[in-house]
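Enquirer: Below are the sequence and a predicted model for it; my questions follow.
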Amino acid sequence: MTPISLRSLLVWLMFFSSIYFSCNPIDKSEIIAVYPGMHLERDKENLLRDFYSQDQKAVSQWKEYVFEDLELLKEIMPLDEKYTLWTQDTIVLPRADSVLELLKNAQYYGLQPAWYHYQDLKRQRLLLDDSVYKYDPIQWSKFEVLLSNAFTGFAQDIKYGKMKSDSIDLRENRKFDDNILLKILTNVRSNQSISSIIQQQEPRHEGYHQIKKLLFAFVPQMDQKKFTTVVFPWQDSLLFLKQLHKRLSEEGFLDSSILHTDSVKMSQSIKKAQLFYGLHKDGKAGKLMIAALNSWKQARYARMAINLDRYRVMPDSLPESFILVNIPSYSLEARYRDSLVFRSKVIVGKPRTRSPLLNSVFTNIVVYPQWNVPESIIFKEIIPKMQSDPHYLRKQNMVVLDKRDSIIDPATIHWAKANKKNFRYRIRQGEGLDNSLGIIKFNFSNPFSVYLHDTNARSLFQLEERSLSHGCIRVENWKQMANYLAAPSINPVDDPVIMRLLKAEKKANKNLGFKTYLYIRYFTLFDAGEGLKWYPDIYGEDNQLIDSYLY
């Protein structure tokens with residue numbers, strides 16, 4: 001038999017096929033095109049629906065990740081039109097890459113990429129371009145969840161900050177509610193730019209944007225600017241002194257023309273550095289001091305981030321009239337309808353007797369006040385002074401009072417044996433020019449028994465370091481403050497009642513008819529009228545937080 005050629009065989013097959021199909025027509029609706037990933041979008045939606053509707057632990061493929069604040073996202077996602085937000089079929093949408101770029105540059109906002117799954121997202125993004133995983137709905141749904149959690153977490157931290165809530169937090173809730181979060185996700189889906197969505201969450205305070213501008217300039221040079229490393233512990237004492245001298249000069253704590261052998265000047269500059277870094281001020285270059293100098297890049301970055309967050313915990317808008325006291329800059333500013341009315345130097349509490357951070361409202365003004373000496377001062381200062389000088393109370397215009405407010409003769413008290421257990425008296429300083437409170441006191445509601453006031457030691461306002469009080473805050477421009485509180489305005493004038501009471505030189509009280517708020521805060525990077533400047537971490541508040549803003 002003659003072999004059949006391949007061409008002849010194909011012809012015969014086509015012929016019989018045409019006869020068969022002409023006699024047996026096929027319903028085209030039964031034809032299903034099969035290709036890789038044809039149900040990818042549907043499978044992604046199903047996986048995401050399962051994840052958002054179940055407890056995180058119930059879905060095994062998510063066990064490798066730790067999610068924060070995911071519950072609200074689980075509530076919101078089902079309300080949106082669909083679960084997928086960042087991808088479509090086998091395409092990663094441009095907005096997803098915009099978010100990845102934002103997270104990569106989180107440090108420009110005082111945040112860390114690691115807080116938002118950045119490395120996991122980066123790896124997951126690469127997987128989606130791999131032909132092995134390109135049609136794997138599990139990998140795509142992982143990317144969706146990780147990115148949604150990261151983006152909403154980042155936006156929430158931009159708005160409310162990372163600081164733990166405390167007594168001065170003016171926000172009732174520092175997490176997104178469902179309305180805010182749904183609006184953000186809707187804006188994402190409508191292709192609003194990621195940068196504009198983030199900008200909408202940022203504080204409007206001028207100080208925040210001053211610090212952010214400084215941070216944007218600082219971050220690129222963090223690994224470029226070179227400073228002297230001080231080797232510690234040292235083996236060569238002379239080399240150590242030279243390195244320390246140069247490093248202190250680089251940081252501006254020491255004039256470079258001063259010799260490294262000048263032990264007095266070196267000690268003074270070390271004290272300046274210790275005050276700046278919130279360390280114990282002993283003038284000695286110990287382990288903590290050298291560590292602070294050597295880690296300046298990380299510490300400086302972290303302190304910028306911390307101060308950004310201090311603005312984030314403030315409300316979006318402040319009241320019509322308020323006074324802000326900033327402890328590190330030893331300054332006070334009064335504002336009315338967003339305009340500066342006046343500034344003043346202040347004296348604040350010592351590190352051991354700190355002025356408290358608080359929010360309050362001024363209640364009244366006391367002219368020629370008396371001073372009820374706090375117990376802590378009685379036992380730490382007055383009793384020891386009475387033991388060495390029996391006439392101390394008389395010299396200070398002070399009297400001893402019993403529980404009935406009757407005056408007791410100091411000579412009848414055995415001061416040598418007076419202590420917390422047996423001293424049952426109060427001590428009061430009478431009104432007058434020699435009163436420690438000066439001639440005016442500003443009261444406001446607070447649980448710390450502190451107030452703002454004048455002082456009989458006004459020369460202390462000329463000092464550069466003014467953490468000198470027992471907790472109350474002394475105000476240099478007390479007259480401007482009195483007139484402002486009496487009738488807040490952009491140009492307050494002398495209040496006739498206060499002027500009359502001052503002229504009488506007797507104790508008197510004036511209740512305030514206008515509501516003026518008081519905020520006592522702790523910004524170590526602040527514009528107190530001389531541009532944005534660094535101020536000493538006098539209470540060590542920054543020092544306690546630095547690590548939490550670096551890792």
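Expert: That came in fine, so what should we check first? Residues are numbered from 1 along each chain as shown.

Enquirer: Break the protein into its domains for me.
Expert: As given by automatic domain parsing, the domain ranges for the chain are 40-202, 204-316, 318-370+431-546.

Enquirer: Quick one: closest of these to N397.
Expert: Of all the domains of the chain, domain 318-370+431-546 sits nearest to N397, with 5.6 Å by C-beta to C-beta. Using the backbone N, CA and C atoms, a C-beta is placed for each residue, glycine as well.

Enquirer: thinking again about what came up before, please produce JSON lines containing the domains of the chain, extended by mean neighbour count, mean pLDDT and distance to R424.
Expert: Formatted as JSON lines, those follow (neighbours: other C-beta atoms under 10 Å; pLDDT from 0 to 100; distance: least, C-beta to C-beta, whole Å):
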{"stretch": "domain 40-202", "mean neighbour count": "16", "mean pLDDT": "86", "distance to R424": "32"}
{"stretch": "domain 204-316", "mean neighbour count": "16", "mean pLDDT": "89", "distance to R424": "37"}
{"stretch": "domain 318-370+431-546", "mean neighbour count": "18", "mean pLDDT": "95", "distance to R424": "19"}
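
Enquirer: CSV for those, including distance to S406?
Expert: Shown next, in CSV, are those (distance: least, C-beta to C-beta, whole Å):
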stretch, distance to S406
domain 40-202, 38
domain 204-316, 44
domain 318-370+431-546, 16
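
Enquirer: quick one: which of these is nearest F423?
Expert: domain 318-370+431-546 (18.3 Å).

Enquirer: Can you give me the end-to-end span of the closest one?
Expert: With C-alpha to C-alpha, to the nearest Å applied, domain 318-370+431-546 spans 28 Å between its terminal residues.

Enquirer: Which single helix of this protein contains the most residues?
Expert: Of all segments of type helix in the chain, defined using DSSP state H, the longest is helix 137-160.

Enquirer: Past it, which element shows up next along the chain?
Expert: Next helix or strand after helix 137-160 toward the C-terminus (DSSP states H and E): helix 178-189.

Enquirer: With only the CA atoms kept, save that following helix in CSV.
Expert: Output of helix 178-189 as CSV, limited to C-alpha atoms (Å, rounded to 0.1, in the frame of the first residue of the first chain):
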residue,chain,number,x,y,z
ASP,A,178,-15.3,54.9,60.0
ASN,A,179,-16.3,58.2,58.3
ILE,A,180,-12.8,59.5,57.9
LEU,A,181,-11.4,56.1,56.8
LEU,A,182,-14.2,55.5,54.3
LYS,A,183,-13.6,59.0,52.8
ILE,A,184,-9.9,58.3,52.5
LEU,A,185,-10.5,55.0,50.7
THR,A,186,-13.1,56.6,48.4
ASN,A,187,-10.6,59.3,47.5
VAL,A,188,-8.0,56.6,46.7
ARG,A,189,-10.5,54.8,44.5
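
Enquirer: which residues touch P369?
Expert: E431, N435, L437, I439, I440, K441, H453, K507 (C-beta atoms under 8 Å, 6 or more residues apart in numbering).

Enquirer: distance of the closest residue to K420 other than its chain neighbours from I440?
Expert: Spatial nearest neighbour of K420, chain neighbours left out: F379 (5.9 Å); criterion: C-beta to C-beta, 6 or more residues apart in numbering. Using C-beta to C-beta, to the nearest Å, F379 is found at 28 Å from I440.

Enquirer: again, but for P488
Expert: 17 Å.

Enquirer: now swap in A302 and tell me
Expert: Separation of A302 from I440 (C-beta to C-beta): 40 Å.

Enquirer: Quick one: mean pLDDT over stretch 416-423.
Expert: The average of the pLDDT scores along stretch 416-423 is 91.

Enquirer: can you give me the end-to-end distance of that stretch?
Expert: Stretch 416-423: ends 11 Å apart by C-alpha to C-alpha.

Enquirer: related to what we said a few turns ago, using CSV, list the CA coordinates for the longest helix of the chain.
Expert: The C-alpha coordinates for helix 137-160 follow below in CSV (Å, rounded to 0.1, in the frame of the first residue of the first chain):
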residue,chain,number,x,y,z
PRO,A,137,-4.6,35.1,43.9
ILE,A,138,-3.1,34.5,47.4
GLN,A,139,-0.1,36.7,46.6
TRP,A,140,-2.2,39.4,45.1
SER,A,141,-4.6,39.5,48.0
LYS,A,142,-1.6,39.6,50.4
PHE,A,143,-0.4,42.7,48.6
GLU,A,144,-3.8,44.3,48.8
VAL,A,145,-4.2,43.8,52.6
LEU,A,146,-0.6,44.8,53.4
LEU,A,147,-0.8,47.9,51.4
SER,A,148,-4.3,49.0,52.7
ASN,A,149,-3.1,48.4,56.3
ALA,A,150,0.1,50.3,55.7
PHE,A,151,-1.4,53.2,53.9
THR,A,152,-4.3,53.8,56.4
GLY,A,153,-1.8,53.4,59.3
PHE,A,154,0.6,55.9,57.7
ALA,A,155,-2.3,58.4,57.1
GLN,A,156,-3.5,58.0,60.7
ASP,A,157,0.0,58.6,62.1
ILE,A,158,0.4,61.7,59.9
LYS,A,159,-2.8,63.1,61.4
TYR,A,160,-2.6,61.9,65.1
